[in-house]
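>>> here are the coordinates; sequence isn't available:
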Ligand code: HEM
C-alpha cells in the first residue's frame with residue numbers, strides 16, 4: 001500500500017469516527033429493520049467465496065480505501081455539516097419564496113445538476129465486472145511480461161463489455177459488435193487489451209473511423225434510428241468502401257446477437273508484438289474463448305428482448321456473478337514469426353484479416369474468471385478508461401494503421417469524457433503498481449506531491465524518482481524508414497477473399513440467418529441505388545448469397561465491377577488465405593455444446609400440475625446447474641395435484657419465452673386445461689419453438705403441444721427418435737407415461753445443451 005492510500009484510509013477512519021459522534025439515539029422509526037432472509041440480503045460488499053475469494057483480489061482490496069459505507073452515518077453536506085432537515089427548502093414563510101441563503105439546497109441541487117458526464121463517443125452502453133487471470137505456464141520464450149511468466153500470480157482484471165453504436169440507455173440485444181475490453185492490473189502497470197467479439201474491423205486505417213461511426217450512428221437530422229445499422233447512411237458507406245466487406249459479414253452473422261456476454265469470444269483484432277527477455281520478438285493475435293462456448297440469439301428474439309428486457313445482457317452478467325456462476329474465458333494466442341507478415345497470403349498488419357486457425361492454431365495460455373460485480377456502476381464501469389497504449393514490458397504494438405490511430409484516440413477522448421488529465425487517479429483506473437513521476441497539477445488532482453524537485457534530472461530531490469533501467473519499458477529496436485505518403489499498401493487490397501472464407505465456413509442455418517439479416521437490413525434502406533451497390537459487393541463475396549438477398553429486396557444484382565469513389569481503396573487481386581477455403585473456428589456450430597449450466601428454463605404450470613413430474617425434471621435441471629423459474633397464470637403459490645405447493649416466480653403476462661433458453665410443461669389435467677385456455681401460454685410455447693429452443697412436455701401437457709400446433713408437424717416428423725417411450729424430435733421432447741420421466745429429463749437436458757434446434761421447419765409457426 002503506498003503512503004497516499006494509507007493516509008486516505010486514516011482520513012476515512014477518522015471521518016467515520018467523527019461521523020459517529022453526532023448520530024442521535026435511534027427513535028422507534030429509525031431502528032434498523034428486522035434481519036431479512038438470506039435470499040433477500042442486500043449485496044454484501046465483501047462476502048467470503050472460497051480459496052479464490054475476491055478478498056485476495058488486490059485491486060478490489062485497493063478500492064476499499066475509496067468506498068463509502070454510509071451505515072450509521074448522519075446526513076451531512078459535502079463540508080461535513082450535519083443536516084437536520086432535507087425535505088423542504090428554506091423559505092420566507094411556509095407559502096413564501098425560497099431563499100438563496102439555503103446553502104444545503106444549493107449544494108444538493110448543484111451536485112445533482114452535474115451528475116452526468118459525457119457518454120463514450122462509441123461503446124457508450126456497457127457492463128463491467130472484476131475478476132482475475134491465472135496463467136497456465138510461463139511464456140519466457142515469447143515475452144518478458146511478468147504476468148505472463150508467473151503461474152502463481154493471480155492478476156486482478158476489470159472487464160467492460162459494450163455495444164458500439166447505441167447510446168448509454170440503448171438496449172443490450174441490438175445487432176452490433178460487442179466490445180470486450182480487459183484491464184490486467186499487473187505489477188508492472190496496467191495492461192489493457194481493448195478488443196471486440198469479432199476478430200476483424202470495418203476499416204483498415206483509423207482516419208476513416210469517424211466516417212464509419214458517423215454512418216452507423218443515428219442520422220444527424222433526426223437522430224434516428226437508435227442502435228441500429230439498418231438505415232441508409234450505414235449501407236451507403238459500406239457499399240462504397242469494399243474493405244468493410246469481411247466485417248459486414250460478421251456483423252450480419254449470428255455473432256452480432258450473442259446469447260450472453262458470458263457466451264461470446266473476444267479478439268484483440270490487431271496483430272501485436274511480444275518481446276522476450278532475450279530481445280527476440282514474435283507477432284501475436286489475442287483471443288478470448290468463453291468456457292461455456294459462444295452462442296447466439298435468434299434475430300426475432302433479439303428484437304423482442306430489446307423491449308421485454310433492454311438490460312438482458314447486463315442482468316444476465318450481474319445475476320451469474322451474484323449467484324456464483326462466475327463467467328470464465330481462456331486467453332489464447334496465435335503466434336507468428338517476426339518477418340512472416342506477408343507469409344499467409346494477406347498482410348498481418350491489415351485489421352480486416354484474421355489468421356485462419358488451420359494455418360496458426362490458438363494456444364491457450366491462461367484463464368480469466370469474473371467473480372465480482374462492481375459496487376458503483378458510475379465509479380467503476382462508467383469511469384474506467386481503457387487505452388490500447390497501456391502496455392507492459394514484453395508486449396508492444398505493430399504498424400497496423402488502425403491500431404496506430406487508436407493509440408491517439410483513447411487518451412484524447414478520455415481527457416474530455418473524464419474532465420481533465422488526472423483520470424488515472426480515479427480509483428478504477430489506478431494501477432496497483434506504484435506511480436512516481438514529475439507530472440503534476442491540472443483539474444481534479446488528487447495526489448499531493450511532496451518535495452521541491454518536480455523535474456528530471458534533479459539533485460534537490462536526491463534524483464528521485466530513479467530511472468528503472470533494464471526493468472523498465474524499452475521499445476524494441478526496429479529500423480523505420482519510408483517516403484511520406486498517404487497511399488494504402490498494395491498488400492491491403494484483397495477486400496473479398498476473407499469475406500468469402502467466412503461465408504463458406506457457415507453452417508446451412510448460419511447461412512440462412514446471414515441472408516435473413518442482410519435482407520432485413522437492406523430491406524430498410526430506402527434508396528434503391530444503395531441496395532443495388534451493396535448487392536454488387538455481396539456478389540464479389542458469394543454470388544449465391546447475393547442472389548438470395550436480391551430476391552428479397554427488390555433489386556437485381558448488378559453485373560459490372562465494383563466501383564469505388566476517388567481516394568477509396570479499390571479491391572485488388574484476391575488472395576487464397578494460405579489455401580484455407582473454410583475454417584471450423586468461424587462457425588458457431590462447432591462451439592462447445594456439452595453443458596446446461598446457467599441456462600434459464602421456464603416451467604409452465606397452473607394449479608393441479610403433476611408435482612412428481614415437475615420435481616423429477618426440476619432435479620435433473622438443477623443437477624446440471626441450470627436455473628429454473630416457475631411461470632404461472634398468477635403470482636403466489638401454485639398447488640399440484642398432490643404434494644407441496646410451488647411459488648410462482650413470474651406470471652405469464654410478466655414473463656416471455658424470449659427470456660428463457662427452454663420450456664418444460666409438466667402434466668396434470670387441471671393445470672393443462674388452464675394453460676390451454678391461456679393465449680399467453682400457447683404463444684409462449686409457439687415462440688420458444690420458433691426460436692429453436694428445447695421444449696419438454698410430460699403427460700397431459702403433450703396435448704398442449706398439439707394444441708399449439710407444434711405436435712402434428714413434429715411429433716411424427718422426420719428425424720424424430722423414440723427412446724424409452726420418449727419422443728425426441730429436434731429438441732421437442734415428449735412423453736405421456738410417468739415411467740418415462742427419467743428418460744424425458746435426460747433427453748431434455750441433452751436438447752438444452754444443443755442450444756438451438758435449427759432443423760425444425762418453423763416458417764409456418766406464428767410468433
Ligand atoms: C479494431 C478496432 C477497434 C476495437 C476492437 C475497438 C474497441 C473498443 C472498445 C472495446 C471500446 C470500449 C472501451 C470501454 O469499455 O471503455 C472502445 C471505445 C472507444 N474506441 Fe475503439 N475500437 C476500435 C477501433 C477504434 C478506432 C479506430 C478508434 C479511433 C481512431 C476508436 C475510438 C474509440 C473511442 C473514442 C472509444 C471511447 C473510449 C472512452 O470514451 O473511454 N476505436 N473501442
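Noted; the coordinates are in hand. Bear in mind that the values here come from a model prediction, so they are computed numbers and not experimental data.
>>> which strand or helix spans the residue of the stretch 501-650 of the chain found nearest the ligand?
Here the residue of the stretch 501-650 of the chain nearest the ligand is residue 569; by C-beta to the nearest ligand atom that distance is 15.7 Å. In this view, the C-beta of every residue, glycine as well, is placed from N, C-alpha and C. According to DSSP states H and E, residue 569 maps onto no helix or strand at all.
>>> ok, it touching residue 204?
Yes. If you go by C-beta atoms under 8 Å, residue 569 and residue 204 touch, sitting 7.0 Å apart.
>>> list residues touching both of those two?
Here residue 569 and residue 204 have 243, 488, 492 as joint contacts, going by C-beta atoms under 8 Å, 6 or more residues apart in numbering.
>>> tell me the contacts of the nearest residue to residue 527 once chain neighbours are set aside?
Closest residue in space to residue 527, ignoring its immediate chain neighbours: residue 232 at 5.4 Å, by C-beta to C-beta, 6 or more residues apart in numbering. Taking C-beta under 8 Å, 6+ apart as the criterion, residue 232 is in contact with 219, 525-527, 530.
>>> I'd say residue 402 and residue 200 touch.
No. Using C-beta under 8 Å, residue 402 makes no contact with residue 200, being 10.1 Å away.
>>> need the overlap of contacts for the two.
269, 351.
>>> get me the contact residues on the stretch 151-300 of the chain for the ligand.
Within the stretch 151-300 of the chain, the residues that sit near the ligand (C-beta under 6 Å from any ligand atom) are 160, 162, 179, 181, 194-196, 201, 206, 209, 269.
>>> could you rerun that using 8 Å?
160-162, 164, 177, 179-181, 194-196, 200-201, 203, 206-207, 209-210, 267-270 (C-beta under 8 Å from any ligand atom).
>>> and the residue of this structure nearest the ligand?
Closest contact between the chain and the ligand, by C-beta to the nearest ligand atom, is at residue 179 (2.8 Å).
>>> what's near enough to touch that residue?
Neighbour list for residue 179: 123, 126, 160-164, 194-197 [criterion: C-beta under 8 Å, 6+ apart].
>>> so it lies in a strand, does it not?
Yes. Counting by DSSP: H, G, I helix; E, B strand; the rest coil, residue 179 is part of a strand.
>>> specify the beta-bridge partners of it.
Residue 179 has these beta-bridge partners by DSSP bridges: residue 162, residue 196.
>>> quick check: the gap between it and residue 126.
Look at residue 179 and residue 126: by C-beta to C-beta, to the nearest Å, they are 7 Å apart.
>>> what do you get for residue 420?
Counting by C-beta to C-beta, the gap from residue 420 to residue 126 is 22 Å.
>>> next one: residue 644
According to C-beta to C-beta, residue 644 and residue 126 sit 43 Å apart.
>>> same check on residue 563?
Look at residue 563 and residue 126: by C-beta to C-beta, they are 38 Å apart.
>>> compare the two (neighbour count), which wins?
residue 126 (24 against 12; other C-beta atoms under 10 Å).
>>> list the residues that contact that one.
Applying C-beta under 8 Å, 6+ apart to residue 126 gives the contacts 120, 160-163, 179, 381.
>>> again, only this time at 6 Å
160-162 (C-beta atoms under 6 Å, 6 or more residues apart in numbering).
>>> ranking these by neighbours, who comes first?
Compared across those, residue 161 has the highest neighbour count, 29 neighbours, by other C-beta under 10 Å.
>>> who's in contact with the nearest residue to that residue once chain neighbours are set aside?
Among residues not flanking residue 161 along the chain, residue 261 sits closest, at 4.4 Å (C-beta to C-beta, 6+ apart). Counting by C-beta under 6 Å, 6+ apart, residue 261 touches 161, 313, 317.
>>> what about 7 Å?
Shown in contact with residue 261 (C-beta atoms under 7 Å, 6 or more residues apart in numbering): 127, 161, 313, 316-317.
>>> kindly report the same for residue 395.
If you count contacts by C-beta under 7 Å, 6+ apart, residue 395 has them with 143, 145, 191, 272, 274.
>>> what about stretch 118-133, distance to the chain center?
Centre-to-centre, stretch 118-133 and its host chain are 9 Å apart (C-alpha atoms, centre = their mean, to the nearest Å).
>>> helix or strand right after the helix or strand of the chain with the lowest mean pLDDT?
Counting by mean pLDDT, DSSP states H and E, the chain has its least confident helix or strand at helix 3-20, which shows a mean of 41. Later in the chain than helix 3-20, the nearest helix or strand by DSSP H and E is helix 58-63.
>>> much appreciated, bye for now.
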